[in-house]
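Enquirer: Curious how this folds, go ahead:
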Amino acid sequence: MNFIKAIAAAAVLCVTATPAMAQSALKDILDNGVLKVGTTGDWNPMTVKDPANNKYEGYDIDVMTELATDLGVELEFVATDWKTLVNGVVAGNYHMTGSASISPARMKAAGYSESYIAVEIQPYTTADKVDKFNGWDSINKSDVKVAATLGTTFEKLVKEWFPDSEIKAIEAPALQHQEVLSGRSDVFVTSNIEGATLTKKFEKIVPIEVEAARAPTPIAMLLPQDDQVWINYVNNWIKIKKARGFFDETAAKWGL
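Expert: Here you go, the predicted structure:
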């Protein structure tokens, strides 16, 4: 029995110890042979859904595939969006999510794994408008339209950072960068991870020069808040994979 499966087996022995622990997602996953993961499919290069075949790819997808393989179970992705991401975990629609920023609001309802990657936030516009902006303060103007996808951390941040701007909340599956590319909005903010991908994919998207990036944030998986057995398993799995270089290799594969 390999080391990772041994962890699962030991955890299952603990699961049977009390009625409360018997409800662990880990036991459900092993009993039914399926790991259900909530993912939005709209965070490039973390999770991207190909509409041609309805399949997902990205950093998150590789991580979740590896986790399912080590558990010895099938992997099922459950489509969700950012505004219902936490609710899906709480309601038991999936056992966990892919990567999500750690925030106090989310921590009120859901648990988190240990972090394995971090992001920081930067602003972006289109090449024809970039000369209008110089620093964060230049975005906070009444004639500037800032797009943000509903339910994301970005929506909360732009409302806080740009109180004088016109905030345009975009309903998924529409994307905030598409709103800017179309000319309906002027600026969006996103992580340095997604921003690097978007600037490669779309020539028109360019970063706005700012004094420094904002809101450095650790990233982790959302988990059921009261399921310590499952949380412990995932955290130990992350430690093993970090030690063996899996996260570094996966990040390098996706240019992170």
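Enquirer: So what's the residue count around Arg244?
Expert: Neighbourhood size, Arg244 [other Cβ atoms under 10 Å]: 10. All C-beta spots, glycine's among them, are computed from the backbone N, C-alpha and C.
Enquirer: now Asn235
Expert: Neighbours of Asn235 (other Cβ under 10 Å): 17.
Enquirer: helix/strand/coil for the closest residue in space to it that isn't next to it in sequence?
Expert: Spatial nearest neighbour of Asn235, chain neighbours left out: Glu114 (4.8 Å); criterion: Cβ to Cβ, 6 or more residues apart in numbering. Three-state assignment for Glu114 (DSSP: H, G, I helix; E, B strand; the rest coil): coil.
Enquirer: just checking, Glu114 touches Ile240?
Expert: No: contact criterion Cβ atoms under 8 Å: Glu114 and Ile240 do not qualify, at 11.5 Å.
Enquirer: Next up, the contacts around Glu171.
Expert: Going by Cβ atoms under 8 Å, 6 or more residues apart in numbering, Glu171 touches 149-150.
Enquirer: which phi and psi does it have?
Expert: When read as degrees, to the nearest 10, the backbone of Glu171 gives phi -80, psi 130.
Enquirer: ditto for Thr152
Expert: Per-residue torsions, Thr152: phi -90, psi 160 (degrees, to the nearest 10).
Enquirer: So for it, what's the pLDDT?
Expert: On the pLDDT scale, Thr152 is placed at 85.
Enquirer: Could you give the number of residues near it?
Expert: 25.
Enquirer: let's number from 194 now, not from 1
Expert: Fine by me, first position is 194 from now on; the one you just mentioned is Thr345.
Enquirer: distance of it from Ser217?
Expert: Applying Cβ to Cβ, to the nearest Å, the value for Thr345 to Ser217 is 30 Å.
Enquirer: do Tyr252 as well
Expert: Distance of Tyr252 to Ser217, computed by Cβ to Cβ: 27 Å.
Enquirer: which secondary structure element contains Lys229?
Expert: For Lys229, the element it lies in under DSSP states H and E is strand 227-232.
Enquirer: now Val382
Expert: Following DSSP H and E, one finds Val382 within strand 380-384.
Enquirer: tell me the contacts of the closest residue to Lys352 other than its chain neighbours?
Expert: The shortest distance from Lys352 to any non-neighbouring residue, by Cβ to Cβ, 6+ apart, is to Ile360 (5.7 Å). Counting by Cβ under 8 Å, 6+ apart, Ile360 makes contact with 339, 341, 348, 351-352.
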